[in-house]
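J.: only the shape, not the letters, is given here:
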C-alpha cells in the first residue's frame, strides 16, 4: 500500500515539476465555469458537449467568492464562449481559479491512480500494480494531463479502473466487485461520451462471462446475468446522480442550450444514431443534457464537421483519414523507451503465469 501511495505521489510531483509554468489549456475555462454553474444553480445548459464529472470536480474546488454572472439566453455557441470567458477572465481571478483547479485535479487523478494500483495488486500482484503506476508516473502525456480540467485522462483512468474491476468480477462473481464495476462504469460514462465505446467493449467481455456460467447450469447463468445487470444499473444511476437525477437541463424543467434538442438530433446524418438518440430522448432513458452532448459528439467525431484534411507522417491526406492514423498518433506521442517496454511486456505474456482474475482483466482490456 505504501509503495502504491508513493508511486501515485511521484506521478503528481513529476506532473507539478513539468507543468508548473503552464496556464489554462484549450477548454479548461469553459469546464471550470460550467462546473461552478452546475453545482450552484443545478442547471446543465453550459458546455453539454461533455458529461459533468471533471467539471464538477474543478467547480467544487473554486472559492466561495467565485462570481457567476446571471444567465443570458443562448443562441449561438460563440455567445456561450463570450459569456464563459467574461466570467473567468473579467469577473474572477483566473490565476487563482487555475491554482484551485490544478490542486483538485491532482487529487482526483491521484485517487484514480491509487484505485487502479490497488485493483491491479488484487488481480495480478504487486509487481504488475507497481510497474503500471511507475509507467504512468513517467509517461509525459499523463503528467501533462494530471492537473488540467479536460476529459481525456479521466476517461483513460476510469476506464482502466473499470477494466480491473471487471476482471475481478469475472473471476470471482462476488457482489463487492459488482459494486466496484458498476461505480467505475458510471464514472466512465460521466467522463466523456466516447467512453461508451469502452463500456461496450467491457460489456461484451462480461457477456462472455455470463455465457460461460450457463455451462455450469441455468441457475449460475441467471445469477451472473443478474449481477452484470446490477452493475449496469448502478453505472447508469451514477451517471444520473451527476445530473441530479433530473431529465431536463434546468431545475425548472427548461433546456437552455444554444440549440434545441430536436434540431440537434435532426443534424445527424447517420440514421441509426439519429433514431437511437431520438428514442432515448423521447423515452427519457438518459438525461437530456447527456443526450445533447452525445448528439454533438456523433456529429463532430463520427460524422465529421467538414474536416477533410489529416496530416500523418508529413503527408496531407484528403477526405477520410487512413486506417493507420490513430496508431500513428500513439506512436508519435509515446516515448520510444516506453513503447519498447510495452512491447516487451506483451511478448513476456507468453511466459507469464496469470491468475484467473488477470486473464479476465486482460480480456476486458482488449475488449475496451
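T.: Thanks, I have the structure now. Worth saying up front: this structure is predicted, and the values here are computed from it rather than measured.

J.: hey, which helix or strand in this protein has the poorest pLDDT?
T.: None of the helices or strands of the chain scores lower by mean pLDDT, DSSP states H and E than strand 309-312, at a mean of 76.

J.: next SSE after the longest helix belonging to the chain?
T.: Determined from DSSP state H, the single longest helix within the chain is helix 94-124. The helix or strand immediately downstream of helix 94-124 is helix 126-138, counting by DSSP states H and E.

J.: that following helix - contacts with which helices or strands?
T.: Contacts defined by 3 or more Cβ pairs under 8 Å, 6 or more residues apart in numbering; DSSP states H and E place helix 126-138 against helix 2-19, helix 94-124, helix 336-348. Where C-beta positions appear, they are placed from N, C-alpha and C, glycine not excepted.

J.: quick one: contacts of the first one?
T.: Here helix 2-19 makes contact (Cβ atoms under 8 Å, 6 or more residues apart in numbering) with 102, 106, 109-110, 113-114, 117-118, 121, 126, 129-130, 133-134, 136-138, 140, 142-144, 146-147.

J.: how about a cut-off of 6 Å?
T.: 106, 110, 113-114, 117, 130, 133-134, 137, 143, 146-147 (Cβ atoms under 6 Å, 6 or more residues apart in numbering).

J.: quick one on the thing from earlier: give me the mean pLDDT for the longest helix of the chain.
T.: Averaging pLDDT along helix 94-124 gives 97.

J.: pretty sure residue 248 is in a strand, no?
T.: No: read with DSSP: H, G, I helix; E, B strand; the rest coil, residue 248 is coil and lies in no strand.

J.: from residue 282, how far off is it?
T.: Between residue 248 and residue 282 the computed distance is 14 Å (Cβ to Cβ, to the nearest Å).

J.: residue 182 now?
T.: 26 Å.

J.: who's more crowded, the two?
T.: The neighbour comparison of residue 182 against residue 282 (other Cβ atoms under 10 Å) goes to residue 182, with 25 against 9.

J.: go ahead and confirm the more buried one touches residue 237.
T.: No: look at residue 182 against residue 237 with Cβ atoms under 6 Å: they stay out of range, at 8.0 Å.

J.: switch the contacts of helix 2-19 over to JSON lines; also include neighbour count.
T.: JSON lines is the format used below for the contacts of helix 2-19 (neighbours: other Cβ atoms under 10 Å):
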{"residue": "106", "neighbour count": "20"}
{"residue": "110", "neighbour count": "18"}
{"residue": "113", "neighbour count": "27"}
{"residue": "114", "neighbour count": "18"}
{"residue": "117", "neighbour count": "26"}
{"residue": "130", "neighbour count": "17"}
{"residue": "133", "neighbour count": "23"}
{"residue": "134", "neighbour count": "15"}
{"residue": "137", "neighbour count": "21"}
{"residue": "143", "neighbour count": "21"}
{"residue": "146", "neighbour count": "25"}
{"residue": "147", "neighbour count": "27"}
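
J.: tell me which two in those are the farthest apart.
T.: Of all pairs drawn from these, the greatest distance, 23.2 Å, lies between 130 and 147 (Cβ to Cβ).

J.: which one of the contacts of helix 2-19 is nearest residue 337?
T.: Comparing the contacts of helix 2-19 against residue 337 with Cβ to Cβ places residue 134 closest, at 12.8 Å.

J.: what residues are up against that closest one?
T.: residue 7.

J.: ok, now residue 297?
T.: With contact set as Cβ under 6 Å, 6+ apart, residue 297 has these partners: residue 193.

J.: doesn't it lie inside a strand?
T.: No: counting by three-state DSSP, residue 297 is not part of a strand but helix.

J.: show me the shaky parts of the stretch 251-368 of the chain.
T.: For the stretch 251-368 of the chain, the stretches with pLDDT under 70 are 304-308.

J.: all helices for it, in order.
T.: Along the stretch 251-368 of the chain, counting by DSSP state H, counting those that start in this stretch, helices occupy 261-266, 271-283, 288-297, 325-333, 336-348, 356-367.

J.: just name the most buried of those helices.
T.: Greatest average neighbour count among the helices of the stretch 251-368 of the chain goes to helix 288-297 (a mean of 23), per mean count of other Cβ atoms under 10 Å.

J.: that one to helix 271-283, inter-axis angle?
T.: With axes from the mean of the first three to the mean of the last three Cα atoms, to 10 degrees applied, the angle from helix 288-297 to helix 271-283 works out at 170 degrees.

J.: for the remainder of this discussion, apply numbering that starts at 474.
T.: Will do, 474 is the new start, and the previous item becomes helix 761-770.

J.: run the chain-centre distance for helix 761-770.
T.: On the basis of Cα atoms, centre = their mean, to the nearest Å, helix 761-770 sits 15 Å off its chain's mean C-alpha point.

J.: per-domain residue ranges of the chain.
T.: For the chain, the structural domains run 474-720+808-840, 734-775, going by the TED database.

J.: output those as a markdown table; include the columns distance to residue 796.
T.: Output for the domains of the chain, formatted as a markdown table (distance: least, Cβ to Cβ, whole Å):
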| stretch | distance to residue 796 |
| --- | --- |
| domain 474-720+808-840 | 17 |
| domain 734-775 | 16 |
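
J.: please name whichever of these is nearest to residue 790.
T.: Short answer: domain 734-775, nearest of the domains of the chain by Cβ to Cβ, at 17.5 Å.

J.: span of the closest one from start to end?
T.: 19 Å (Cα to Cα, to the nearest Å).

J.: try stretch 764-783
T.: First-to-last residue span, stretch 764-783, Cα to Cα: 28 Å.

J.: how about the backbone phi and psi for the residue nearest to residue 747 when sequence neighbours are not counted?
T.: Leaving aside its chain neighbours, residue 747 sits nearest to residue 741 (4.1 Å; criterion: Cβ to Cβ, 6 or more residues apart in numbering). Residue 741 adopts backbone torsions of phi -70, psi 140, taken as degrees, to the nearest 10.
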